[in-house]
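# Give me coordinates for this.
(chains A and B)
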Amino acid sequence: MDHGYLENVAQENGLVNVSPYVKLAVGLGAILLSLVSPNWITPLFLTLTLGGAILLLARIDPGLYARLLLAPLSFAVFSVTAVILVTGGGEVFWAWQPVPGVALSVTSRSVLQGMLVFSRMLGGMSALFFIALTTPLTELFMVMRQCRFPTTLLNLAMMVYRSIFILADQVDQVMSAQRMRLGYSSPREAVQSFGMLCGAAFIASWEAGEDLLRAMDARCYAGRFAMLSESQPVEAGPLAAATAYLLVGSGLLLATLPGALSWGGV
Amino acid sequence: MSRIILEARDVRYRYPGGVHAIRGISFHVRRGEKVALVGPNGAGKSTLLLMFNGMLRPDAGTLLFDNQPLRYDAASLRELRRRVGFVFQHPDRQIIAPTVYQDVAFGPVNLGFGTDRVRQVVRDALRNVGLAGFERRPPHQLSAGEKKRVAIAGVLAMDPDLLVLDEPTSSLDPAGSEDTMELLEELHQAGKTIIISTHDVELAYPWADRAILLRQGEILQEDIPEVAFGDPDLVRRARLSVPVLLELYQELARRGLPLPEKRPKTALDMIHLIDQAFSRGARTGTCGTIHVCDVDSTGPEALSRWLSSRDGLWIGAMGTRAKQRAAEEQIAVDFTYGVIDKCLLRALGGESSLILTAGGMVQRVEVRVSAFAEEWGTPIPVEEVKGP
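Residues are numbered from 1 along each chain as shown, chains lettered A, B, ... in the order given. Model prediction:
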């Protein structure tokens, strides 16, 4: 039943009872701070603190969080290397011109630039993970409704959400059935099996759609979709903590501004 | 006799592919009845059920709800579907919304109830099925039994007169099945008429007031379960099996034992019948007492005080609220289903018991015990536990 979906992790995280607005404010605020910060200090601070919050407050399994971070990190390392090699300025540490017109160099400015990009990425990623791991979609639906998200799209999104888990289950079953009968033993087999899997998934989703219509009809569907009666209330404690956190982040950003200038930040 | 709520007159239905699913079926269901449609796979049970709320329209014949022929315009169907609650076989195909609350609220919201009223009916419905506190949970994280309950709550929230359940216990484990049947019993006590389809004769036999045996789109037999399931030939033709208790009774009768006319429906009936057949029924003054406690009107302290003053009691919890209370107060419960019968069995053996229950179910205990006394001539004392 539990496929290790992030959604399931979010449903059971330690901050699930905190208002989604507070969590969204922290997450979005952190992304914004990371973006406007001219140096790497504030994003790094946000990365560490949000990581701490994810592990200690939301009580997410550290192994899971590490695995989650790994995927974007590898991407980040590549792109930051490129940034460092391609940009220039300041003291040159290393340079190489493999073909005329293409110059690769590592300079003091490019290193700073690379660190800034890297830490911004980390900060933004941590903030996104913070939202994803602490705010289940079921809560976000309500926020979307309250923010006047178009009703039709929202209703569709909710039905899709509900169907994903049912379809994923069916795909899982078909795939196990294929594996048990050695469906993926050779590349040729694998292509065939995968084709059949897609076919089965298509038919299953078609049927699920018809079932959904029937189920809605049987309960007098008239174009309306219920919402959770109320969101988790915004409580004083979490609100104060979130405000204080964002203030500290902004303060750090302001305090490091002159320093950043003297270090030649961009 | 109470009023007829649902009636079918020579109903026929053919699937677009050309298969005759229903070949001329007529029957009626009275208000407050518990009816089981029993038949093998492909007998047309689900097809027939889907006609009751207008999901399928018969090719010929008439269906009447509350003595009015069904009409198939949008407004009439809406009203019909409000009054005929349909619970699908697979809860995953019925649950639409991303959270339990939203799903149970689906019907009421579409019926145009106001926010406060929706909140109220959802809370009541979830409480009735024992899922209070599950509001924010997404359905894919629930167990099969819990999903079934959500599906039932979603229908209950529209306050239907007639509940139609397609294979209510398929894909549930035995405890989940017993829970679901108990829940249906509770709903029946609360005044709902209930129709289920099943191929589980052991389930239908003790539960139903009336059983309708279906085979290849036709009614094979329609009677009280003792009769409907009592004819081995009919049962074989319907690809079913004779309920074990009924078979035992028939075998005992074949051996020439003096058995009463009334066939046993439960293990309790069977034991009593055997006791009497072997002349061990002459028991005087040794029966245990059945204590009944209404958990809604008895506080935790009064209950624990009462319990601490007694030893060696068998304890049964009947109904979802009682089970919740027992769990909350960490009362070790011996019976969670078939509670009254199990306590009667203990009482016959001279042991006393306590039944935790709530609301109208208290009366049900008294009714069942006095019915038992009348049927079998063995009065068993029932005492109510009272306390603030």
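# Run through the stretch 1-150 of chain A and note the low-pLDDT ranges.
In the predicted model of the stretch 1-150 of chain A, residues A:1-4 satisfy pLDDT under 70.
# So which residues of it form helices?
A:6-11, A:20-36, A:41-52, A:62-86, A:108-134, A:137-146 (DSSP state H, counting those that start in this stretch).
# Please convert the ones you listed to JSON lines, extending it with mean neighbour count and distance to chain B.
The way it works is simple: take the backbone N, C-alpha and C, and place the C-beta from them, glycine included. Formatted as JSON lines, the helices of the stretch 1-150 of chain A follow (neighbours: other C-beta atoms under 10 Å in any protein chain shown; distance: least, C-beta to the nearest C-beta, whole Å):
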{"stretch": "helix A:6-11", "mean neighbour count": "19", "distance to chain B": "6"}
{"stretch": "helix A:20-36", "mean neighbour count": "20", "distance to chain B": "12"}
{"stretch": "helix A:41-52", "mean neighbour count": "22", "distance to chain B": "24"}
{"stretch": "helix A:62-86", "mean neighbour count": "14", "distance to chain B": "17"}
{"stretch": "helix A:108-134", "mean neighbour count": "21", "distance to chain B": "14"}
{"stretch": "helix A:137-146", "mean neighbour count": "19", "distance to chain B": "5"}
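# To what extent is the residue in the stretch 51-200 of chain A positioned nearest to chain B buried, counted in neighbours?
Residue of the stretch 51-200 of chain A nearest chain B, by C-beta to the nearest C-beta: A:Phe165 (3.8 Å). By other C-beta atoms under 10 Å in any protein chain shown, 19 other residues sit near A:Phe165.
# Quick check: it is in a helix.
Yes. Counting by DSSP: H, G, I helix; E, B strand; the rest coil, A:Phe165 is located in a helix.
# In contact with it, which residues are there?
A:Tyr5, B:Pro138, B:His140 (C-beta atoms under 8 Å, 6 or more residues apart in numbering or on different chains).
# ok, now B:Leu313?
Contacts for B:Leu313 (C-beta under 8 Å, 6+ apart) come out as B:His291, B:Leu307, B:Ser352, B:Ser353, B:Leu354.
# which SS state does the last one fall under?
By that I understand B:Leu354. strand.
# Return the set of buried residues in stretch B:69-86.
For stretch B:69-86, a neighbour-count test (16 or more other C-beta atoms under 10 Å in any protein chain shown) marks B:Leu70, B:Leu77, B:Arg78, B:Leu80, B:Arg81, B:Arg82, B:Arg83, B:Val84, B:Gly85, B:Phe86 as buried.
# Need these in JSON lines (columns: distance to chain A, pLDDT and secondary structure).
Listed next are these as JSON lines, based on distance: C-beta to the nearest C-beta, whole Å; pLDDT from 0 to 100; DSSP: H, G, I helix; E, B strand; the rest coil:
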{"residue": "B:Leu70", "distance to chain A": "14", "pLDDT": "94", "secondary structure": "coil"}
{"residue": "B:Leu77", "distance to chain A": "8", "pLDDT": "92", "secondary structure": "helix"}
{"residue": "B:Arg78", "distance to chain A": "5", "pLDDT": "91", "secondary structure": "helix"}
{"residue": "B:Leu80", "distance to chain A": "9", "pLDDT": "93", "secondary structure": "helix"}
{"residue": "B:Arg81", "distance to chain A": "5", "pLDDT": "93", "secondary structure": "helix"}
{"residue": "B:Arg82", "distance to chain A": "6", "pLDDT": "93", "secondary structure": "helix"}
{"residue": "B:Arg83", "distance to chain A": "10", "pLDDT": "94", "secondary structure": "helix"}
{"residue": "B:Val84", "distance to chain A": "9", "pLDDT": "94", "secondary structure": "strand"}
{"residue": "B:Gly85", "distance to chain A": "8", "pLDDT": "93", "secondary structure": "strand"}
{"residue": "B:Phe86", "distance to chain A": "5", "pLDDT": "94", "secondary structure": "strand"}
